[in-house]
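>>> have a look; sequence and predicted model below, questions after that.
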Amino acid sequence: MTRRRFPVGKTLLYVFMSLWALTTIYPFIWVILNSFKPRGLIRSDTFSLPIGDKFTLENYVTAFKRVDIGTAYVNSIVISGAVTVVVMVLAGLAACAMVRYSFRLRGFLHSMIIASMMFPVFSTIIPVFRMESSWGIVNTGSIWLTRLSVVLPQIAGNLSFAIIVLMGFIRSLPVDLEEAAYLEGYNVYQIFFRIIMPLAKPSFATVGIFTFLWSYNDLFLQMFFLRSKKFFTITRLLNEISSQAGTNYGLMVAAVVMVVIPVLVVYIFLQNYIIKGMTAGAVKG
């Protein structure tokens with residue numbers, strides 16, 4: 001009977017990846033466990049399990065009562081949802097135009113879209129802030145205008161990535177269905193919403209997922225445009241908690257868990273769409 005031998009290189013790779021996964025997962029497990037322990041035990045007995053008298057929900061109750069984390073969740077969902085929907089529609093229309101139509105300066109526009117991805121957000125924040133201030137949507141008492149002041153720059157920041165991803169997939173779609181739809185009397189928008197979007201669902205899902213997560217996790221823009229606590233998103237609120245309640249580790253770890261849970265849920269249940277969307281354009285003919 002021959003014994004199966006594993007190459008040394010592959011064994012070392014598995015060991016390295018396992019250690020890497022452990023160092024990545026362990027801090028979050030530590031945060032979850034300590035969020036269910038009394039505030040004093042987090043520092044004095046940080047590595048114990050929250051069992052028996054050590055288990056409490058006090059940190060989560062404090063998070064909802066003291067810092068109004070429920071309102072922050074609503075603000076995050078509204079802002080991130082609006083950014084995601086607008087980016088998917090605008091990027092889809094732009095990608096279709098870039099792929100299906102020939103017009104002057106198309107190559108220049110394509111180069112500009114790629115070049116715009118090279119500029120970090122902080123390099124344009126001052127002109128964006130001054131422009132929105134001149135429009136009267138910054139530091140107002142209106143919750144919708146305040147949300148709009150965050151939504152607009154986030155849409156602009158995500159469009160380039162979304163257009164590039166969708167162009168790669170739409171280019172691989174057959175033109176026959178679109179030509180047949182033209183003969184049936186469909187206009188450009190009917191073709192986009194009824195034919196292209198259903199066929200390109202994996203890529204649109206990928207764009208939507210990454211856009212939502214980027215908007216949800218964005219703190220830089222929210223630090224500039226969200227000044228009042230009633231307008232805070234979940235990430236902005238976490239920043240406020242860490243700066244004002246730095247010694248209240250129970251409240252901080254509970255807030256961290258509630259911030260990360262939606263992101264984990266999105267990745268766990270939609271990871272197949274992410275993989276399909278990122279690879280579909282490369283494998284289709």
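Structure's in. What do you need?

>>> for Ala200, give me phi and psi.
Phi and psi for Ala200, reported as degrees, to the nearest 10, are phi -100, psi 30.

>>> need the contact list for it.
Gly92, Leu166, Phe169, Ile170, Leu173 (C-beta atoms under 8 Å, 6 or more residues apart in numbering). Using the backbone N, CA and C atoms, a C-beta is placed for each residue, glycine as well.

>>> can you list the weak-confidence ranges in this protein?
For the chain, applying pLDDT under 70 flags the ranges 1-6, 245-246, 273-285.

>>> element containing the one residue sitting closest to the centre of it, please.
With distances taken as C-alpha atoms, centre = their mean, Leu213 lies nearest the centre of the chain, 1.1 Å away. Using DSSP states H and E, Leu213 sits within helix 201-217.

>>> tell me what that helix is packed against?
Using 3 or more C-beta pairs under 8 Å, 6 or more residues apart in numbering; DSSP states H and E, the elements in contact with helix 201-217 are helix 69-100, helix 143-170, helix 234-244, helix 249-283.

>>> got JSON lines for these, with distance to Asp53 and mean neighbour count too?
Formatted as JSON lines, the helices and strands packed on helix 201-217 follow (distance: least, C-beta to C-beta, whole Å; neighbours: other C-beta atoms under 10 Å):
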{"stretch": "helix 69-100", "distance to Asp53": "26", "mean neighbour count": "20"}
{"stretch": "helix 143-170", "distance to Asp53": "43", "mean neighbour count": "21"}
{"stretch": "helix 234-244", "distance to Asp53": "26", "mean neighbour count": "18"}
{"stretch": "helix 249-283", "distance to Asp53": "15", "mean neighbour count": "16"}
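
>>> ok, which of the ones you listed comes nearest Met131?
Of all the helices and strands packed on helix 201-217, it is helix 143-170 that lies closest to Met131, at 9.3 Å by C-beta to C-beta.

>>> now for the closest one, which elements pack on it?
Using 3+ C-beta pairs under 8 Å, 6+ apart: helix 143-170 touches helix 69-100, helix 106-116, helix 125-135, helix 201-217, helix 220-225, helix 249-283.

>>> rewinding a little: and the residue nearest to the centre of the chain, how far is that from Glu178?
31 Å (C-beta to C-beta, to the nearest Å).

>>> in JSON lines: the helices and strands packed on helix 143-170, plus distance to Gln190.
Conversion of those to JSON lines gives the following (distance: least, C-beta to C-beta, whole Å):
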{"stretch": "helix 69-100", "distance to Gln190": "12"}
{"stretch": "helix 106-116", "distance to Gln190": "23"}
{"stretch": "helix 125-135", "distance to Gln190": "33"}
{"stretch": "helix 201-217", "distance to Gln190": "17"}
{"stretch": "helix 220-225", "distance to Gln190": "35"}
{"stretch": "helix 249-283", "distance to Gln190": "23"}
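
>>> dump the helices and strands packed on helix 201-217 to a markdown table, plus distance to Met117.
Below are the helices and strands packed on helix 201-217 laid out as a markdown table (distance: least, C-beta to C-beta, whole Å):
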| stretch | distance to Met117 |
| --- | --- |
| helix 69-100 | 13 |
| helix 143-170 | 5 |
| helix 234-244 | 22 |
| helix 249-283 | 16 |
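
>>> between the ones you listed, which gets nearest to Ser228?
Between Ser228 and the helices and strands packed on helix 201-217, the tightest spacing by C-beta to C-beta is seen for helix 143-170, at 7.6 Å.

>>> give me the buried positions along the very next helix or strand once past that closest one.
Remark: after helix 143-170, the chain's next helix or strand is helix 176-183, criterion DSSP H and E. Judged by neighbour count using 16 or more other C-beta atoms under 10 Å, the buried positions of helix 176-183 are Glu178, Ala181.
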